[in-house]
Structures are given as structure tokens and as C-alpha cells.
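Provided below for reference: sequence and predicted model.
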Amino acid sequence: MTKILVTGCAGFIGSHVSEFLLKRGDIVIGIDNLNEYYDVKRKENNLKILKTYDNFTFYKHDICETNIISKLKPDKICHLASMAGVRYSIEHPKLYVKVNIEGFIHILEEAVKNKVQNLVYASSSSVYGLNKKVPFSESDPIETPNSPYACSKMAMELFAKPAKFGMPSPMHQDNYLWNIKNGKGLTVWVCLDTSNKKNGGISYLPNSHRYGTLDHEPSFAPGTSQAIKKKILRKITTKNKVVTPNLFSGDICVHSCLTVHGSNKNTSKNPRRGFTLQFKDKYAKYDREKILAYRQSLKKQISLRSKI
């Protein structure tokens with residue numbers, strides 16, 4: 001039988017997923033911190049039902065703490081634990097960063113470390129933010145979240161590049177979005193999985209930082225709303241060949257915020273997960289005028305996109 005860890009097992013969705021898996025014959029290990037955002041009595045009632053199954057075990061546990069995956073050794077993970085609620089997130093944004101983002105990264109790192117076969121996690125329709133087109137589609141852009149809750153869920157999507165589905169990231173420069181004067185910024189890419197051409201690994205255009213900040217255009221790709229204009233990209237790629245390094249879990253890549261980079265769609269059977277850190281020179285300053293112009297341009301792009 002397959003041993004499946006279900007985080008947030010006492011919640012509405014988590015309890016129903018757990019019961020489905022239990023009826024299917026899987027061994028289910030459920031964890032939940034039983035926080036008070038939703039009625040704790042309802043959660044306890046959900047657990048009473050789950051505990052009637054011999055193949056269910058429950059641990060009261062916070063996903064941000066300890067290495068429980070190393071102890072439980074699940075075959076697969078269904079990650080449903082998170083802080084919910086749009087309004088509450090506006091009042092307590094740091095809590096949503098800690099639980100939804102840091103907690104998810106903790107789960108990802110532990111899953112890789114313990115060679116978990118599969119990980120499924122729940123996002124939210126809130127990631128579509130200010131999109132006016134309804135109903136939403138999985139191919140819709142997600143660069144307009146309008147609450148800390150939505151931002152945290154969008155971040156979860158961007159931290160994980162799923163197998164056979166991970167979307168490509170068009171060639172771009174980080175500084176077009178950051179607008180740091182003189183381009184004195186760095187991006188640090190940390191691999192949680194093997195990264196290569198087959199699973200949509202990160203690709204670089206060598207020496208491209210020397211071009212300065214290039215003109216971009218809307219891409220409407222999830223997570224990367226802007227891409228270098230096609231004419232410019234064709235011109236600079238004739239001089240240099242795009243390189244996709246073979247990276248392994250734990251490897252780190254550092255590039256200038258002016259370096260042209262992107263990634264292809266993940267067509268492999270394996271996920272390509274990772275996260276980024278962003279740094280700028282201690283004395284570097286943001287170009288406020290360019291930031292304001294970029295934001296105004298982005299609003300126009302979103303408005304035009306919603307009319308399509």
C-alpha cells in the first residue's frame with residue numbers, strides 16, 4: 001500500500017481528500033496544527049471520522065517546524081496546509097509568508113531530501129487577481145494578485161515547476177522589473193531538483209549583461225509578464241549561443257540582474273523545483289521614475305488583456 005502524507009488533513013478539503021485515499025486503501029498520515037482561523041471543533045469532528053479508519057494516523061504538527069517528513073518517510077505528499085483568507089492576510093501578511101511560502105519551501109526541501117515520489121499541492125483562484133475574464137483558465141496570467149494571500153499562493157506556483165506541465169519563462173532581464181540604477185543587482189537561483197534542458201532548466205545568454213537594460217514587451221506568461229522584444233532577442237542571440245547548464249539538487253547559480261535568461265517548458269517526467277534570492281548593492285538605488293512608468297504600463301497591458 002502507498003503511504004501518503006496529507007498536510008492540513010483536518011480542514012474541509014484535507015479531510016475529504018484523506019477519506020477518499022483511506023477508502024481507496026492507501027495508508028494516510030495526516031498532519032494539521034489545528035489553528036483557530038476556522039472553527040477548531042469542526043476540525044476535531046473531521047478527525048473523529050478519519051480516526052475510525054485503521055490505516056490513518058494523525059500528528060498535530062506545524063509545517064514550518066521540524067523535519068517530520070524525514071521521520072514519517074511517506075511515498076507521496078498531498079500538501080493542502082496553508083493560511084486561508086484574503087481579508088485576514090491584509091492584516092497579517094507576515095503570517096502568510098511564513099506559513100504559505102516558507103512552510104511550502106520546507107516541504108519541498110524535505111520531499112527532495114527524502115526522495116518522495118510525487119507531491120501535489122493546492123493553489124487558489126485568488127492567483128488570477130485582477131483578471132476580468134471569467135471563467136478563469138489555467139493558462140490565464142497570474143501577475144496581478146491583489147492580496148497577501150494571493151501573492152503567497154502565486155509564489156507557491158512559481159517555486160514548483162511541475163512535470164509535463166511547467167510553463168516556459170521567456171527570455172528576460174530581471175532589472176527591467178527591478179529598475180536598479182546602474183544594474184547593480186544579483187539573482188541567486190537555488191536548485192531543489194536536477195535542472196536541465198529536458199525539464200525546463202534555466203538558460204542564460206553569456207555576456208548579455210553588457211548590453212544594459214534592453215527593451216521588453218508583454219509576454220503574459222505566468223510569473224514572467226515581460227519578455228525581451230523579439231527583434232532584439234534575434235539580434236543578440238546571433239552573436240552568442242544560449243546555454244542551459246546541467247544542475248543538480250543543491251547547486252546554486254548567480255547572475256547579474258542584467259543577464260538575459262529564461263527557461264523552456266518542462267516536458268519531462270520529473271519536476272524542476274527551485275527558488276530565487278535577490279540582492280542589490282548596498283549603495284545602489286532604485287529608479288523611481290522607471291518603476292512608476294513600468295507599473296503604469298503594466299496596468300494598461302492588464303486592461304487590454306482583459307478585453308481580449
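Ah, there it is.

so Pro245 makes contact with His261?
No - counting by Cβ atoms under 8 Å, no contact exists between Pro245 and His261, whose distance comes to 10.9 Å. C-beta here means a position set from N, CA and C on the backbone, and glycine is covered the same way.

list the residues that contact both of these two?
Overlap between the contact sets of Pro245 and His261, as judged by Cβ atoms under 8 Å, 6 or more residues apart in numbering, is given by 202, 204.

those two: which is more packed in?
It is His261, of Pro245 and His261, that has more neighbours when counted by other Cβ atoms under 10 Å, with 22 against 14.

what's the neighbour count on the nearest residue to that one once chain neighbours are set aside?
Distances taken as Cβ to Cβ, 6 or more residues apart in numbering put Tyr204 closest to His261, at 4.9 Å, once the chain neighbours are dropped. The number of residues packed near Tyr204 is 20, by other Cβ under 10 Å.

Ala293 now?
Residues within reach of Ala293, counting by other Cβ under 10 Å, total 12.

what distance do you get for it to Lys300?
Remark: distance between Ala293 and Lys300 (Cβ to Cβ, to the nearest Å) = 11 Å.

and for Lys241?
Lys241 sits 35 Å away from Lys300, going by Cβ to Cβ.

again, but for Tyr149
Separation of Tyr149 from Lys300 (Cβ to Cβ) stands at 26 Å.

tell me which of these two has more neighbours.
Tyr149 (25 against 10).

element containing the more buried one?
Of the helices and strands defined by DSSP states H and E, Tyr149 is found in helix 148-159.

which helices and strands sit right next to that helix?
Here helix 148-159 touches helix 86-91, helix 93-96, helix 103-113, going by 3 or more Cβ pairs under 8 Å, 6 or more residues apart in numbering; DSSP states H and E.

which residues does that helix contact?
82-86, 88-90, 93, 96-97, 99-101, 104-105, 108, 121, 123-124, 126-127, 129, 142, 145, 222-223, 273-275.

burial of the closest residue to Lys198 other than its chain neighbours, as a residue count?
Nearest in space to Lys198, with sequence neighbours left out and distances taken as Cβ to Cβ, 6+ apart, is Ser268 at 4.4 Å. Burial of Ser268, expressed as a neighbour count using other Cβ under 10 Å, amounts to 17.
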